[in-house]
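Enquirer: got a sequence here, can you build the structure:
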Amino acid sequence: MAIYSGETVNDAIEKGLKDLGIDKKHAKISVIQEPKPGILGKFRKEAKVEIIILTDADLDKIRHNWWCNSFFCYLP
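Expert: Numbering: from 1, shown residues only. Reported below is the predicted structural model:
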C-alpha cells in the first residue's frame, strides 16, 4: 500500500503507477482526498490516492468472484 499526491487525482494516480512500475490493471486505487483550491492559493490541498498492488492471484480471485456472482453460478 502506498499513498501518492498530485495536483489532480489523475496526476496522483499516474505518479503512483509510474513509481510502482505497474499498470492500472494491477492496481486497486482509492481516492483519499480530492484536491481543494484553498483561499487565494493558501491552504491548498493536493489530491491523494492510495494504491495497492494486485498480484495475478488477486486478479484471478476478482474474476472468479465476478463469475460466481453472475447468473451462471446459480444453475443446477
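
Enquirer: what bridges to residue 2?
Expert: Here residue 2 sits in beta bridges with residue 51, as judged by DSSP bridges.

Enquirer: wait, it touches residue 50, no?
Expert: Yes. Using CB atoms under 8 Å, residue 2 is in contact with residue 50, at 7.2 Å. Placement of C-beta: from N, CA and C, glycine included.

Enquirer: who has more neighbours, these two?
Expert: Set residue 2 next to residue 50 and count neighbours by other CB atoms under 10 Å: residue 50 wins out with 16 against 12.

Enquirer: check what pLDDT that one gets.
Expert: We have a pLDDT of 98 for residue 50.

Enquirer: and the one 4 residues further on, by the same measure?
Expert: In this model, residue 54 is scored at 92, pLDDT.

Enquirer: numbering from 138 from now on, please.
Expert: Will do, 138 is the new start, and the previous item becomes residue 191.

Enquirer: in PDB, list the C-alpha atoms belonging to whatever helix or strand residue 186 lives in.
Expert: In the assignment (DSSP states H and E), residue 186 maps to strand 184-190. Provided in PDB are the C-alpha atoms of strand 184-190 (Å, rounded to 0.1, in the frame of the first residue of the first chain):
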ATOM      1  CA  ALA A 184      -5.300  15.100  -4.300                       C
ATOM      2  CA  LYS A 185      -4.300  11.900  -2.500                       C
ATOM      3  CA  VAL A 186      -4.700   8.400  -3.700                       C
ATOM      4  CA  GLU A 187      -3.900   5.000  -2.100                       C
ATOM      5  CA  ILE A 188      -2.600   2.400  -4.500                       C
ATOM      6  CA  ILE A 189      -2.400  -1.300  -3.600                       C
ATOM      7  CA  ILE A 190      -0.600  -3.700  -5.900                       C
END
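
Enquirer: who's residue 176 bridged to?
Expert: Bridge pairing for residue 176 (DSSP bridges) gives the partners residue 179.
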